Every structure is written in C-alpha cells, then in structure tokens.
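Engineer: Just to be clear, the model below is a prediction. Sequence and coordinates:
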Amino acid sequence: MNQEYNSDYIVRGMAASGQIRCFAITSRTLVEEARRRHGTSPVITAALGRLLSGGAMMGAMMKSRKDLLTVQIRCSGPAQGLTVTADAFGHVKGYAANPIVSLPASPEGKLDVGRAVGQGVLTVTKDIGLKEPYSGQVQLVSGEIAEDLTYYFAVSEQTPSSVALGVLMNRDNTTAQAGGYIIQLMPDIQDEIITILEQRLREIGPVTAMLEEGHTPESMLEIILAGLDAELSPEHIPASFTCGCSRDRMEQALVSLGNQELDRLAEEEETVEINCHFCNTSYSFSADDLKKMIGKERKA
C-alpha cells in the first residue's frame, strides 16, 4: 500500500447522504519542497507543512478558477508568523517569518509546534471575485494548526469540522510523511450520525502514523466514514508547491517604483536583489538592467 512520494493529491467526497463533507490530502512532496526552498528547521517544517496541507484542502473547497485563499498566522512564538496561499487546483505556497527555530521536544516527545507558534491570530482571506475579499479571523486555540483551523471553521464559518494534520520528519530532517483530512458537518445532520462520527474520530490514529502504515487519502476517509455510505470523487486534485513569481513580475515591481527611484538605485547599487517571500527565489538586476527599465518607463 506504500504510496509514491511524488504523487501528492487531494481527494474529496460526501457521506451520510450529503450530511458530511470530507477532504483528505497526502502532501509529503510539497512540504519537502517548502522545506528545501526555505531551509526550515524541523519544528518550522512541521508547522508550515501542516498549514500548507490545510490550506491546500481549503483551497479545494473553492469553486472558481480565479478564487484565491490566504491563511495567515500572526503569533507571539519564535516562528513569528506563517503565511500560505492556495487556489482551487491544489497549487499552494507559503513561508514562515522565521524559518529556523530550535526547541526541545514536547512532553509527548514530538516536535513542539504549539510552542513555536504560541499565541496569536489566524486570519483566512478569500478572494472569490466579489467587490471586497471575504475575511474571517479567530484567536489561536493551541498553535498546533489543526485545532486552530477547527476553531476557525466553527466560529467564522459556522461549520462544525474536525481537522487533522501531520508532518513526520526523517532523521536527516527531510520530510518523511505529511498529510491530513477535514471532516465537516452539514446543516441538519442527524444526532446519531454525529455520535458515530465522534466515536470514529476518537479511535482513529494520528495522520502520520496512518500514512506510515501505507494509508492513502481515500483509505483514511474510508476508515473514518465506514458504514456512513461515503462517496469519494474518483477525480484526484494534484497538489503541489507552486509559485507564480517570475523575473518579468519582479521587473514590473521595480518599474512601479518610478523613474527617480530607479535612477537612484542605478547610481548607488551595482546589483539589486529581489527575493520572493513565498518560494525564496532571488532575482538579480544589474545597473544596466535598471537603466533599461528607466528608458522603457520614459518611453511609456
């Protein structure tokens, strides 16, 4: 049952005649890509990886090709903050304000994500083509990410949910496993269905343990929803760490500074470096490049 490590994907479905909506993801490759790009320490890889996995599933809840979702955590812990952006097609990117944090293990012997994040605020912004983006905000419950997203769904979207997220690291600090699931209760769900589901969620093991055992997103949901007539979509949503930055976009950002600032930079700097926060790609522009931009701006 071992899954291919290069096949991150999201599966979604319904159960109990539409009374339950569900999503699950396997995300080892995209979390490892984030770790590689940002050089994150293990506890930050775990924190950012959980938010990337959760954000990717939340993105899959959106309907339009142009919809964008941003999940931002501002916090008092040494991580200082996390930001993730996702679309409806499994493309997700993100970064930590402080990529390198070293902390003792938690009392349970695990990476102490809650301590790395600490107290703070979680904000979800959805740009779905309306005049103003929708924004919901809640206080962090634990800093463990999954519990905070569970609280967000309950308070800000009035949708009772169970969110489970996990990242397991190898001894060499690369990503061994990553994934999660989101189970949501629809309005007017029957009490007996809630009772069955709550019992099932208490009995199920941690996400990373299930992934280590070879479970897939489908089999995790099938265990949780056994006997509840789960209907999972046969169409997977491929998930990947994807950033849309480019040299052309960075050039446009420089041009937007105006001729006077470009003149100053061309005179004072041999090379201007611009770094993309989301994917940590750097773009270099020489003084000659800047002078060419000035010429373009003046002609325009």
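Structural biologist: Yes, it's here.
Engineer: contacts and neighbour counts: CA atoms only from here.
Structural biologist: Will do.
Engineer: all strands of the stretch 201-300 of the chain, in order?
Structural biologist: 231-232, 237-238, 240-241, 271-275, 282-286 (DSSP state E, counting those that start in this stretch).
Engineer: Out of these, flag the one nearest residue 137.
Structural biologist: Relative to residue 137, the nearest member of the strands of the stretch 201-300 of the chain by Cα to Cα is strand 240-241, separated by 24.8 Å.
Engineer: What pairs with the closest one, parallel or antiparallel?
Structural biologist: The pairing partners recorded for strand 240-241 under DSSP bridges are strand 91-96 (parallel).
Engineer: Report the backbone C-alpha coordinates of the partner strand in CSV.
Structural biologist: Below are the C-alpha coordinates for strand 91-96, written out as CSV (Å, rounded to 0.1, in the frame of the first residue of the first chain):
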residue,chain,number,x,y,z
HIS,A,91,-1.5,24.8,-6.0
VAL,A,92,-0.2,26.1,-2.7
LYS,A,93,2.8,28.1,-1.5
GLY,A,94,3.9,29.6,1.8
TYR,A,95,6.6,30.7,4.2
ALA,A,96,7.4,31.2,7.8
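Engineer: What mean pLDDT does it get?
Structural biologist: Averaged over strand 91-96, pLDDT sits at 97.
Engineer: So which residues make contact with that strand?
Structural biologist: The contact list for strand 91-96, computed with Cα atoms under 8 Å, 6 or more residues apart in numbering, reads 34, 38, 44, 48, 52, 55-56, 79-86, 239-243, 277-279.
Engineer: Only alpha carbons, please: show the following helix or strand past it as CSV.
Structural biologist: Later in the chain than strand 91-96, the nearest helix or strand by DSSP states H and E is helix 113-117. Coordinates of each C-alpha in helix 113-117 appear next as CSV, following Å, rounded to 0.1, in the frame of the first residue of the first chain:
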residue,chain,number,x,y,z
VAL,A,113,4.7,23.2,17.1
GLY,A,114,2.3,24.8,19.6
ARG,A,115,5.3,26.3,21.5
ALA,A,116,6.9,27.5,18.2
VAL,A,117,3.7,29.3,17.2
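Engineer: now for helix 113-117, which elements pack on it?
Structural biologist: When contacts are defined as 3 or more Cα pairs under 8 Å, 6 or more residues apart in numbering; DSSP states H and E, helix 113-117 sits against helix 42-60.
Engineer: In contact with residue 8, which residues?
Structural biologist: 25, 26, 27, 28, 29, 30, 238, 239, 240.
Engineer: Which pair in those residues has the greatest spatial separation?
Structural biologist: It's 28 and 238 that sit farthest apart of the contacts of residue 8, by Cα to Cα, at 12.5 Å.
Engineer: so how far is residue 198 from the closest residue to residue 127 other than its chain neighbours?
Structural biologist: In this structure, residue 127 finds its nearest non-sequential neighbour in residue 133, 4.6 Å apart by Cα to Cα, 6 or more residues apart in numbering. Look at residue 133 and residue 198: by Cα to Cα, to the nearest Å, they are 34 Å apart.
Engineer: Where do the strands of the stretch 51-200 of the chain begin and end?
Structural biologist: Going by DSSP E, counting those that start in this stretch, the stretch 51-200 of the chain shows strands at 68-75, 81-87, 91-96, 120-127, 134-139, 161-169, 175-185.
Engineer: Compare residue 28 and residue 238 (neighbour count), which wins?
Structural biologist: More crowded of residue 28 and residue 238, by other Cα atoms under 10 Å: residue 28, with 29 against 16.
Engineer: got the phi/psi numbers for the more buried one?
Structural biologist: With angles defined as degrees, to the nearest 10, residue 28 sits at phi -60, psi -50.
Engineer: Just the pLDDT for it.
Structural biologist: 97.
Engineer: Surely it touches residue 174?
Structural biologist: No: counting by Cα atoms under 8 Å, residue 28 does not reach residue 174; the two are 9.8 Å apart.
Engineer: on that earlier part again, mind putting the strands of the stretch 51-200 of the chain in a markdown table, mean neighbour count included?
Structural biologist: A markdown table is the format used below for the strands of the stretch 51-200 of the chain (neighbours: other Cα atoms under 10 Å):
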| stretch | mean neighbour count |
| --- | --- |
| strand 68-75 | 23 |
| strand 81-87 | 25 |
| strand 91-96 | 26 |
| strand 120-127 | 19 |
| strand 134-139 | 16 |
| strand 161-169 | 23 |
| strand 175-185 | 24 |
